[in-house]
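K.L.:
Provided below for reference: sequence and predicted model.
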Protein chains: 2
Amino acid sequence: MALMSVLTPALAAVLCLVIGFILLKSREPETQTSSTKAPGKDFRPWVDQDLQDDTETTAREDEDDGWVDSGEEDLPHVPYTPRRYPQETMLQRSHEFYALMNQRRSVRFLSPEPVPREVIENVIRTAGTAPSGAHTEPWTFVLVSDTETKHQIRLIVEEEEEVNYRQRMGDKWVHDLAKLRTNWIKEYLDVAPYLVLIFKQTHGLLSNGKKKTHYYNEISVSIACGILLAALQNAGLVTVTTTPLNCGPQLRLLLKRPVNEKLLMLLPVGYPASDATVPDLKRKPLDDIMVHI
Amino acid sequence: MALMSVLTPALAAVLCLVIGFILLKSREPETQTSSTKAPGKDFRPWVDQDLQDDTETTAREDEDDGWVDSGEEDLPHVPYTPRRYPQETMLQRSHEFYALMNQRRSVRFLSPEPVPREVIENVIRTAGTAPSGAHTEPWTFVLVSDTETKHQIRLIVEEEEEVNYRQRMGDKWVHDLAKLRTNWIKEYLDVAPYLVLIFKQTHGLLSNGKKKTHYYNEISVSIACGILLAALQNAGLVTVTTTPLNCGPQLRLLLKRPVNEKLLMLLPVGYPASDATVPDLKRKPLDDIMVHI
C-alpha cells in the first residue's frame, strides 16, 4: 500500500512528461529534403513574403558575432551632376525607350548562332550597375558557353522540371502556364550560345573569413536582372527569365559556386530561332497599372 | 490515506499538464505588432529566402478552393521576329547603354523642379513591359504628386525610420549604412515632384471575386523596378531605391490600396538638386561579378 502510494503518482508524472514531450516535438516545423507530394492550398514555393511586416526580432542585444567593419564609413561625398536633356528630348527618349522595351518578349526558341562575347560582357557589366542594399552588389553572373556544361545543366533542369510539372506545382500552376505552352523539355539549354545563371549572394565573405550582411539581396539581384533584360533588348538579343524550381543546389554544385550563393534565375541568351513564336499575350494599359494621386 | 492515494497522483497529473501547457505556449512564435526591441544575430527583416530549396508541401490534394480558370489557355502563338542589328552595331549599342547606366547613381537630394508628366508615364509604361510569373503583371505603380499626400508619406516614413535607425536595425546595419550618410530624415519626400510607390500584388482578384495566383510576384515586381530605373536614367531623371521598413501597411492605407497589395519600394523621382552629392563608391569590375564557363 505504501509502495503503491509512491508508484502511482510517479507513474502519473512520467506519463504526463511523456505526453508533454510528444506534444513539444509535434510543434517543430516539418522539413522535407525531397518534396514530391502533391501541393495543398497554401503551397507557395516561390515564397511570398511581406518584407514590411516581417519585423520579428529577439530581445538579445547585438553582440560581436563575427560580422566586421568593412572600413568604408569614412567615404567622401562628391558632387553629382548627371546629364540632363531638354524636355522635348526627354519626351522623345522616354517614348523611344518604351517602344523598344515594349517589343521585348520572353523567347523559348533560340538559334544556335554565336553571339559576340563582348556584347554579353557589356550586358553583364550593365546589370552590375544596379543599386543594391548598402552597396553590397550581392550578385554573381555565371556565363556558360561550354557545350558539355550546358548539357549537364539541361539534364538537371529537365529532371527537376518533370517532377515539378507532374507533381510539385499542382494542377493550378500547370494550368496557369498552359497558355505559354511550356513543359519540362528545355531544348534552349543545349541550343542557346550562352546561358546566364544569376546567383544571389545571401551574405558576403571578407578576406579574413568573416561574414558581411547582404541586405535585401534577393530584391537587389532581381533589380539587376531587370537591367540585364533591358540591356539584352537594347542589343538585339532575346531570352526567357526562368526560375527552375528545386534545381538550385545541384546547379550550384555543378558550377562550383560557394555555399553562400543561391541560384535565383537562369537566362538562355542568343538570337531568336527563325521560326520562334510567342504566345499572343497583351500587356495591361497604363490605367491598369498606375494610380495617380 | 485512501484520499491521499487518489489526490497525490491527481495533483501530480495536474502539475504535469500545467507544465506541459506552459511549454507548448512558449514554443509558439512571438509576433509583435510594434517591434522596438534590439535585434539578434538572425535578425533579417528583408527576408532572405531560398526560393529553390523552399519546397515544403502538404500531402493534401489540390482541391477546388476558389482559384479559377482565367480562360487564357487557348491562346494562339504568333511568330516573333524582333529587330536585329549588325554585330558592330550590337557592340556599339551595348557599350553605349553600359556607359549610360554606369552613370546612374542613387540620389537623395532632389530638386523641386517639375518634371513633364508624360515622361513619368512613359517610364511607368516601360516598367510594365517587364516579364512576370505566368504573365500575371502583379504590380501597381502609385504615382504621387499631391503636396499634402507627399507630406503625409513623409511623416509616416520618418516616424518609422527613426525607430528603425535607433532600435530595429541594430548597430551593424546602421554602421553598414554609415558611408551613405543616411538617417531618418527624408526631405526628398516633400521636395521631389513625384513619388513612385511600387506595390506588389500578392494575389490577383478576378471580376467574380475569386483569387488569382501571382507566382514569384516579388521577383517580378523587382525586375520591373530594374527596368524602371533604366527608363529613368535614359530620360535624364534620378531617384533612390528605398525599402522603408515597417511603413508598408500605413502607406497602403493612406493611399487606399487594397489588402492584396503590399508596398515593395518607394522611389522619389525628379532632377537632382544643384548641390546634390553621392558617396564616392566604386563598382566591382567584371571579373568580380562574372564567371565564365
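P.N.:
That came through fine. Numbers count the residues shown, from 1 in each chain, chains lettered A, B, ... in the order given.
K.L.:
In terms of pLDDT, where does the nearest residue to residue A:204 once chain neighbours are set aside sit?
P.N.:
Excluding the flanking residues, the one nearest residue A:204 by C-beta to C-beta, 6 or more residues apart in numbering or on different chains is residue A:212, at 3.4 Å. For glycine as for every other residue, the C-beta is placed from the backbone atoms N, C-alpha and C. We have a pLDDT of 86 for residue A:212.
K.L.:
Low-confidence ranges, chain A, go.
P.N.:
Low-confidence segments of chain A (pLDDT under 70): A:1-6, A:9, A:12-13, A:16, A:20-73.
K.L.:
Which part of it gets nearest to chain B, residue-wise?
P.N.:
Closest residue of chain A to chain B, C-beta to the nearest C-beta: residue A:226 (2.2 Å).
K.L.:
what about that residue, how many neighbours?
P.N.:
Neighbour count of residue A:226, defined by other C-beta atoms under 10 Å in any protein chain shown: 27.
K.L.:
Would you mind naming the helix or strand containing it?
P.N.:
In the assignment (DSSP states H and E), residue A:226 maps to helix A:217-235.
K.L.:
hmm, the helix or strand that comes right after that helix in reach of chain B?
P.N.:
Next along the chain after helix A:217-235, taking DSSP H and E as the criterion, comes helix A:248-254. Yes - Helix A:248-254 comes into contact with chain B (C-beta under 8 Å from any C-beta of the partner chain), by way of A:248, A:249.
K.L.:
sorry, back to before: so what's the closest residue to the residue of chain A closest to chain B other than its chain neighbours up against?
P.N.:
Nearest residue to residue A:226, sequence neighbours excluded (C-beta to C-beta, 6+ apart): residue B:226, at 2.2 Å. Contact analysis of residue B:226 by C-beta atoms under 8 Å, 6 or more residues apart in numbering or on different chains lists A:130, A:222, A:223, A:224, A:225, A:226, A:227, A:228, A:229, A:230, B:130.
K.L.:
that older thread, for the helix holding residue A:226, list every residue counted as buried.
P.N.:
Along helix A:217-235, these residues count as buried under the neighbour rule (16 or more other C-beta atoms under 10 Å in any protein chain shown): A:217-235.
K.L.:
next one: stretch A:88-104
P.N.:
Neighbour-count burial for stretch A:88-104 flags A:90, A:91, A:93, A:94, A:95, A:97, A:98, A:100, A:101, A:104 (criterion: 16+ other C-beta under 10 Å).
K.L.:
and whichever strand or helix holds the fifth one, what other elements does it pack with?
P.N.:
Using DSSP H and E, residue A:95 sits in helix A:87-102. Helices and strands touching helix A:87-102, by 3 or more C-beta pairs under 8 Å, 6 or more residues apart in numbering or on different chains; DSSP states H and E, are helix A:217-235, helix B:117-127, helix B:217-235.
K.L.:
can you rerun that using 6 Å?
P.N.:
If contacts are counted by 3 or more C-beta pairs under 6 Å, 6 or more residues apart in numbering or on different chains; DSSP states H and E, helix A:87-102 sits against helix B:117-127, helix B:217-235.
K.L.:
Figure out how far it is from the centre of its chain.
P.N.:
Distance, stretch centre to chain centre, for helix A:87-102: 30 Å (C-alpha atoms, centre = their mean, to the nearest Å).
K.L.:
tell me the angle of that helix relative to helix A:217-235?
P.N.:
Orientation of helix A:87-102 against helix A:217-235 (axes from the mean of the first three to the mean of the last three C-alpha atoms, to 10 degrees) gives an angle of 100 degrees.
K.L.:
and the angle from helix A:87-102 to helix B:117-127?
P.N.:
Interaxial angle of helix A:87-102 relative to helix B:117-127 (the same axes, to 10 degrees): 20 degrees.
K.L.:
Grab the CA positions of helix A:87-102 and hand them over as CSV.
P.N.:
C-alpha atoms of helix A:87-102 as CSV (Å, rounded to 0.1, in the frame of the first residue of the first chain):
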residue,chain,number,x,y,z
GLN,A,87,12.1,68.5,-72.2
GLU,A,88,11.4,67.6,-75.8
THR,A,89,14.3,65.3,-75.8
MET,A,90,13.2,63.7,-72.6
LEU,A,91,9.8,63.1,-74.2
GLN,A,92,11.3,61.6,-77.3
ARG,A,93,13.9,59.4,-75.4
SER,A,94,11.3,58.1,-72.9
HIS,A,95,8.9,57.3,-75.8
GLU,A,96,11.6,55.5,-77.8
PHE,A,97,12.8,53.5,-74.9
TYR,A,98,9.3,52.5,-74.1
ALA,A,99,8.8,51.4,-77.7
LEU,A,100,12.0,49.4,-77.6
MET,A,101,11.1,47.7,-74.3
ASN,A,102,7.5,47.0,-75.4
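K.L.:
Show which residues not belonging to it make contact with it.
P.N.:
Applying C-beta atoms under 6 Å, 6 or more residues apart in numbering or on different chains, the external contacts of helix A:87-102 come out as B:116, B:119, B:122, B:123, B:125, B:126, B:129, B:231, B:234, B:235, B:236.
K.L.:
could you flag which of those are buried?
P.N.:
Buried members of the contacts of helix A:87-102, scored by 16+ other C-beta under 10 Å, are B:119, B:122, B:123, B:125, B:126, B:129, B:231, B:234, B:235, B:236.
K.L.:
circling back: element containing the residue nearest to residue A:204?
P.N.:
Assigned by DSSP H and E, residue A:212 belongs to strand A:211-213.
K.L.:
looking at this, residue A:114 is in a strand?
P.N.:
No - assessed with DSSP: H, G, I helix; E, B strand; the rest coil, residue A:114 is coil; it does not lie in a strand.
K.L.:
Spatially central, which residue of chain A would that be?
P.N.:
Nearest to the geometric centre of chain A sits residue A:264, at 2.6 Å (C-alpha atoms, centre = their mean).
K.L.:
packing partners for the host helix or strand of it?
P.N.:
Using DSSP H and E, the element containing residue A:264 is strand A:261-269. Strand A:261-269 is packed against strand A:194-201, helix A:248-254, with contacts defined by 3+ C-beta pairs under 6 Å, 6+ apart.
K.L.:
In CSV: these, plus mean neighbour count.
P.N.:
CSV is the format used below for these (neighbours: other C-beta atoms under 10 Å in any protein chain shown):
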stretch, mean neighbour count
strand A:194-201, 24
helix A:248-254, 19
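K.L.:
Can I get the ones you listed in TSV including distance to residue A:276?
P.N.:
Formatted as TSV, these follow (distance: least, C-beta to C-beta, whole Å):
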stretch	distance to residue A:276
strand A:194-201	17
helix A:248-254	25
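K.L.:
Of these, which is nearest residue A:292?
P.N.:
strand A:194-201 (33.4 Å; C-beta to C-beta).
K.L.:
In three-state terms, label the nearest residue to residue A:254 once chain neighbours are set aside for me.
P.N.:
Leaving aside its chain neighbours, residue A:254 sits nearest to residue A:152 (5.8 Å; criterion: C-beta to C-beta, 6+ apart). Using three-state DSSP, the structure places residue A:152 in helix.
K.L.:
do you know how far residue A:152 is from residue A:257?
P.N.:
Going from residue A:152 to residue A:257 by C-beta to C-beta, to the nearest Å gives 14 Å.
K.L.:
which residues touch residue A:228?
P.N.:
By C-beta under 6 Å, 6+ apart, the contact set of residue A:228 is residue A:127.
K.L.:
Mind doing that once more with 8 Å?
P.N.:
A:123, A:124, A:126, A:127, A:141, A:196, A:198, A:267, B:226.
K.L.:
neighbours of the second one, just the number please.
P.N.:
Put plainly, it is residue A:124. 22.
K.L.:
isn't it right next to residue A:196, touching?
P.N.:
Yes - applying C-beta atoms under 8 Å as the test, residue A:124 and residue A:196 come out as touching, 7.3 Å apart.
K.L.:
Overlap of the contact sets of those two?
P.N.:
Joint contacts of residue A:124 and residue A:196 (C-beta under 8 Å, 6+ apart) are A:141, A:143, A:228.
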